[in-house]
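Undergrad: Any chance you can model this:
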Amino acid sequence: MFDEKSISFMKRLMESFGPSGFERESAKIIKEYTKGYADEVLTDKLGSVIFTAKGTSERPHILLAGHIDEIGFVVSGIDETGFLTFNTLGGWWDQVLLSQRVVVRTKKGDVHGVIAAKPPHLLTEEERKKVLERKDMYIDIGATSKKEAEEAGIKIGDPVVPWSPFSLIRDEKVAMSKAFDDRIGAFIISETIRRIKEKVITHPNTVFGAATVQEEVGLRGAQTASHLVDPDVGLVLEVDIAGDVPGIKPFEAPTKMGQGPTLVTYESSMIPNQPLKEFVIATAEEVGIPLQLSQIARGGTDAGRIHLNRAGCPSVVISVPTRHIHSHVGLLSLDDVENAVKLVIELIKRLDRKTVEGFTSV
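TA: Here you go, the predicted model:
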């Protein structure tokens, strides 16, 4: 299980400020933590950070990808009374926004605020029956004029993220935070690189761990990172939708928090390489790691770009079941995260040239 250093890193990474297109703080945190365990650190020109772990052979190249951008917002305007309008960065459901605290990053520093709207006391009966849309919301930073907001450093284009401190609950077995999607994937990659180094784990390949950017706005970092790495296999580390909450039918989201990591058998941006999928299942069974099977009918991952790199790259998505993704607060099991790290390491140990070539032989 994770030591104090790992948990401290997880906390710093999740709490860091990094919506799509503004990931630099998060990238610096992961680079500082992981570079001591990597053989080499690379960057692409979009902002992704890539760590290598050299094995006994240069090929195959194994790409582990987890994106570090979080869903957020961007200031679109300031009205005369100092309230901010905003657009979204990534996919938000309007109903999770209202009354949530946020942080606006300006050149003068961070400014705290809250997403608000017309108070219920002033709503007509007809208005109460309607779903409140984002266009009718605003960010209140406590200003009373446009001038005050501008003096605080606010300008159009400033990024905004949820204010949501990291914490451990349920006897420190469950983590609660923003940005698990998908910094928990990046965390798994860092822990994998760390354990390979500290435990001197032999592997017949070269591992590239990529903390990718701009996934939530079009899988952009995955495209540039995979072009740089030229992978032979892609293992994307992600969050999955935990279906063990009220109102979700098993066929809609079959995975449960605390029952092990998941293998995504289908998602809208990629159908996984079938021999690689079976290889993951067989490896988990061999070493006794619990593995859940899932599908994501709507939504894509970095694998959507990685599997189409150059002539193609066999890819799969391994995920951590997470409750309440794409909201201000998610919950996940640290046992699931630990088992995901163990599974990735076991896969890396077995991905030699012959095995990898077998994924695409006809």
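Undergrad: show me the contacts for Pro272.
TA: Listed by CB atoms under 8 Å, 6 or more residues apart in numbering, the contact partners of Pro272 are 264-266, 303, 307, 315-317. Using the backbone N, CA and C atoms, a C-beta is placed for each residue, glycine as well.
Undergrad: Could you pull out the helices in this structure for me?
TA: Assignment of helices within the chain using DSSP state H yields the ranges 4-15, 24-34, 125-128, 146-151, 180-198, 220-229, 274-287, 303-306, 334-350, 353-358.
Undergrad: is it possible to export the contacts of Pro272 to a markdown table including distance to Gln295, neighbour count and pLDDT?
TA: Formatted as a markdown table, those follow (distance: CB to CB, whole Å; neighbours: other CB atoms under 10 Å; pLDDT from 0 to 100):
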| residue | distance to Gln295 | neighbour count | pLDDT |
| --- | --- | --- | --- |
| Val264 | 7 | 23 | 97 |
| Thr265 | 6 | 16 | 96 |
| Tyr266 | 4 | 14 | 93 |
| Ala303 | 13 | 27 | 97 |
| His307 | 16 | 24 | 98 |
| Ser315 | 16 | 30 | 98 |
| Val316 | 13 | 23 | 98 |
| Val317 | 10 | 32 | 98 |
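Undergrad: Could you dump those into CSV with distance to Leu13 added?
TA: Written out in CSV, the entries for the contacts of Pro272 read as follows (distance: CB to CB, whole Å):
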residue, distance to Leu13
Val264, 23
Thr265, 28
Tyr266, 29
Ala303, 22
His307, 26
Ser315, 24
Val316, 24
Val317, 20
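Undergrad: got the CA coordinates for stretch 169-178 in CSV?
TA: The C-alpha trace of stretch 169-178 is given here as CSV (Å, rounded to 0.1, in the frame of the first residue of the first chain):
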residue,chain,number,x,y,z
ILE,A,169,-12.2,9.0,4.7
ARG,A,170,-13.4,5.5,5.8
ASP,A,171,-10.3,4.7,7.9
GLU,A,172,-8.2,6.3,5.1
LYS,A,173,-9.3,3.6,2.6
VAL,A,174,-11.2,6.0,0.4
ALA,A,175,-9.9,9.3,-1.1
MET,A,176,-12.1,12.3,-1.8
SER,A,177,-11.0,15.1,-4.1
LYS,A,178,-11.4,16.9,-7.4
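Undergrad: I'd like to know which of the contacts of Pro272 are part of strands.
TA: The strands, defined by DSSP state E, take in 264-266, 315-317 from the contacts of Pro272.
Undergrad: Identify the bridge partners of His112.
TA: For His112, the beta-bridge partners are Val103 (DSSP bridges).
Undergrad: wait, doesn't it sit right on Ile141?
TA: Yes: taking contact to mean CB atoms under 8 Å, the distance of 7.1 Å between His112 and Ile141 places them in contact.
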